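J.: all I have is the shape, not the residue letters:
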């Protein structure tokens, strides 16, 4: 009886592996708040499916729950990959409701938003530790990348042995400095882009197919 059970378990593992190979890769889009993660997610989704993932905003923490766009098929240079895009909330060490008051929010709304954003950070961390097959890490190239959050998240990604593509976003803005991001994480390739303008998206798609295909 034990032999039969073991045989069934072995067959189950083999068949599960065969079917899993055909499943889309879950690719999490990570980074600090306002780095342009949702803008990138929408750019990818619109380019390949015609649909958007979620609303974009200049207000921090617009994305407070992970959003998923399934079965996005990307093909570049003979490589094809099907991914589920997971647009995650921006990760930060602290969410202060007072930062929302600067955007003409009432205090009650600001407190609610900060609470939801804090819960969103926890959800993003859960996805990173349990539920993604790879990471697109988006950074604002006009800001200093040497932060506790970036160092922590890149460290977790590496400890999970996840393939990671680092994108230096907002190259359309004055003060963009892609090299400072490359210097911050020299162990990873850094790809410049403007998700808003669509600049250099061809290279981004080539790298997605290469890294996650």
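T.: Here it is on my side, so go on. Owing to the predicted nature of the structure, the values given are computational and were not obtained by experimental measurement.
J.: which SS state does residue 174 fall under?
T.: At residue 174 the chain is in coil, as set by DSSP: H, G, I helix; E, B strand; the rest coil.
J.: for residue 68, same thing?
T.: On the basis of three-state DSSP, residue 68 is classed as strand.
J.: give me the neighbour count for it.
T.: Residue 68: 15 surrounding residues under other CB atoms under 10 Å. Quick note: C-beta positions are derived from backbone N, CA and C, even for glycine.
J.: not counting residues beside it along the chain, what's closest to it?
T.: residue 86 (5.2 Å; CB to CB, 6 or more residues apart in numbering).
J.: strand partners (parallel or antiparallel) of the one helix or strand that neighbour maps to?
T.: Using DSSP states H and E, residue 86 maps to strand 79-87. Strand 79-87 has its sheet partners listed here by DSSP bridges as strand 25-30 (parallel), strand 67-76 (antiparallel).
J.: pLDDT score for the residue nearest to residue 125 when sequence neighbours are not counted?
T.: Counting by CB to CB, 6+ apart, residue 91 is the residue found nearest to residue 125 once chain neighbours are left out, at 7.1 Å. With respect to pLDDT, residue 91 scores 77.
J.: so where's this structure uncertain?
T.: 1-22, 54-65, 93-100, 103, 110, 113-114, 117-118, 120-122 (pLDDT under 70).
J.: any idea which residue is closest to the centre of it?
T.: Closest to where the C-alpha atoms of the chain average out (CA atoms, centre = their mean) is residue 29, at 0.6 Å.
J.: wait, that one touches residue 89, no?
T.: No: proximity of residue 29 to residue 89 does not meet the contact threshold set by CB atoms under 8 Å, at 10.4 Å.
J.: so of the strands paired with strand 79-87, which one's packed in deepest?
T.: Greatest average neighbour count among the strands paired with strand 79-87 goes to strand 25-30 (a mean of 23), per mean count of other CB atoms under 10 Å.
J.: ok, now which ones touch residue 140?
T.: By CB atoms under 8 Å, 6 or more residues apart in numbering, residue 140 lies in contact with 32, 34-36, 169-170.
J.: since that was my last question, I'll sign off now.
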